[in-house]
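*Asks:* Below are the sequence and a predicted model; questions follow.
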Amino acid sequence: MKGLLEIEISGPVVMTIAVIIGVGLFLLLFLRPASRWVVTAVVGIVVTAALGWLTVWIVEDVLDVFHVGLTPRVWFWVITGFAALGLAAVSFRHSPRWRKAVAAISIPVFLLVTALGVNMEFGLNRTLGSALGISTEEAIQLSKPDPDAPVPSGPLWQNWKPPANMPAKGEVGTQVIPPTASGFNARPAGIYLPPAALTENPPRLPLFVLMMGQPGLPDPQYVSAALDEFAAKNNGLAPIAIVADQIGPDQDDTLCLDTAKYGNVEKYINVDVVNWAKANLNILPDRDHWTIAGYSNGGQCAISFALKYPKMWGNVVDISGEEFPGAEDPAGNLAEIFGGNQATYDAQKPINIMKGKQFPDTTAVFTVGSDDVTYVAAAKAVSAAAKASGMTVTYYEVPNGGHVGIALNAGLTKGFEVLYPRLGLSP
């Protein structure tokens, strides 16, 4: 079962094979000697392509299902998929058995190719398991940290000499972080241990806590890919990363608050996850080496926590984050979570939290896809407020990046590019 869930469903090789098979079936159905058939096929293609366009328009512009603009490539995959299905549908009329058989086989193939194309464009589900919301990571083995281990007096990059047998890459896996204080029903957290952490006498390393989007998995593959690249250039040094679950198995927008409806999410991240990290990971103890980070829904959570717990989090990375908790449905959240009390809701908004306060010792990185219009506006507003509150702020727009995988990956890269010197991992 695990092997099936680990099947790669993204990447150029997978898409090339899928497209070749899909085009082959399309041509087999379309190419038919009779001119009358060509007219029938074209009508079927055009009508269903128009239906595909209408469907995407309703999903994006009328219902606003994803709360972000869909890229032209998503439109292309959906409209093309509908057109191919239209050809398959008309192929059942007045046709021999072999053509009906090919049409029947082509329908699931066209659906699969369309789904793969859309998934590739979003770039967030690399395996079948992640697409189905099922983690395939196994529990990672941890060594109990030595509480008496010395803290280096200078930056790690100056003091650390990697052994010859240090692994080339880090390790990933999962760990259950008990909700001792919060009681929040969280899924197992993803864990990344960099190469330096896997040596016989590992150094204490910075802590990086990441929260993914909603819906989403606490999947360590994205942060591990980014950190392995940085570790390779810096003698195996990288933060130890926890990908914590702030939305739970039902994948709700919990607003990252302690609420009666969703549970004590804020307490889970800032008490349970933090206490577990101190007890189980070989991390540096001071705030300057601790980073809270997030993508999309998690990005809003990250900046909110950095503001509420400034003595804990010295750094924050907000990747394509929302402007405030529950920004996708403010009216509904106002009624359900805050009982209609607008002042109480407003008090939870990061821009309002920063008013009249200063955070001079916090480093903040805000990144967003350049064509992710709604989130660009949010990132600009929150980053401007952060700069005004005294934070050291980096704002970066990912070229041609929407609210998809490219924005997440490039956001992580920019975040570590800024933070590595701050964390003492590079000059």
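*Replies:* Yep, that arrived.

*Asks:* can you give me the strands for this protein?
*Replies:* Assigned by DSSP state E, the chain shows strands spanning 171-175, 189-193, 207-211, 240-244, 258-259, 263-264, 290-295, 315-319, 363-369, 392-398.

*Asks:* Just send the ones you listed back as JSON lines, with mean pLDDT and mean neighbour count too.
*Replies:* Glycine gets a C-beta too; all of them are placed from N, C-alpha and C. JSON lines is the format used below for the strands of the chain (pLDDT from 0 to 100; neighbours: other Cβ atoms under 10 Å):
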{"stretch": "strand 171-175", "mean pLDDT": "96", "mean neighbour count": "19"}
{"stretch": "strand 189-193", "mean pLDDT": "97", "mean neighbour count": "26"}
{"stretch": "strand 207-211", "mean pLDDT": "98", "mean neighbour count": "27"}
{"stretch": "strand 240-244", "mean pLDDT": "98", "mean neighbour count": "28"}
{"stretch": "strand 258-259", "mean pLDDT": "97", "mean neighbour count": "16"}
{"stretch": "strand 263-264", "mean pLDDT": "98", "mean neighbour count": "20"}
{"stretch": "strand 290-295", "mean pLDDT": "98", "mean neighbour count": "29"}
{"stretch": "strand 315-319", "mean pLDDT": "98", "mean neighbour count": "31"}
{"stretch": "strand 363-369", "mean pLDDT": "97", "mean neighbour count": "27"}
{"stretch": "strand 392-398", "mean pLDDT": "97", "mean neighbour count": "19"}
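
*Asks:* do you know which of those strands lies nearest V78?
*Replies:* The closest of these to V78 is strand 363-369. By Cβ to Cβ, the value is 19.9 Å.

*Asks:* What strands line up against the closest one, and which way round?
*Replies:* Using DSSP bridges, the strands paired with strand 363-369 are strand 315-319 (parallel), strand 392-398 (parallel).

*Asks:* residues making contact with it?
*Replies:* With contact meaning Cβ atoms under 8 Å, 6 or more residues apart in numbering, strand 363-369 is reached by 303, 306, 314-321, 375-376, 378-379, 382-383, 386, 391-398, 400-404, 406-407, 410-411, 414-415, 418-419, 422.

*Asks:* and with 7 Å instead?
*Replies:* Contact with strand 363-369 is made by 314-320, 375-376, 379, 382-383, 386, 391-398, 401-403, 407, 410-411, 414-415, 418-419, 422, as judged by Cβ atoms under 7 Å, 6 or more residues apart in numbering.

*Asks:* Turn the strands paired with strand 363-369 into TSV, columns for distance to L198.
*Replies:* Converted to TSV, the strands paired with strand 363-369 look like this (distance: least, Cβ to Cβ, whole Å):
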stretch	distance to L198
strand 315-319	24
strand 392-398	30
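
*Asks:* V39: which of those is closest?
*Replies:* strand 392-398 (45.7 Å).

*Asks:* contact partners of that closest one?
*Replies:* Residues outside strand 392-398 that contact it (Cβ under 7 Å, 6+ apart) are 363-370, 376, 379, 383, 386-387, 406-407, 410-411, 414, 418.

*Asks:* residues of the longest helix along the chain that come out buried?
*Replies:* If you go by DSSP state H, the chain has its longest helix at helix 97-122. For helix 97-122, the neighbour count (16 or more other Cβ atoms under 10 Å) marks 99, 102-103, 106, 109-110, 113-122 as buried.

*Asks:* same check, this time on stretch 143-157
*Replies:* Applying 16+ other Cβ under 10 Å to stretch 143-157 flags 145, 155-157 as buried.

*Asks:* list the contacts for the residue lying closest to N185 once chain neighbours are set aside?
*Replies:* Nearest residue to N185 in three dimensions, chain neighbours excluded: G248, at 5.3 Å (Cβ to Cβ, 6 or more residues apart in numbering). Shown in contact with G248 (Cβ under 7 Å, 6+ apart): 185-187, 254.
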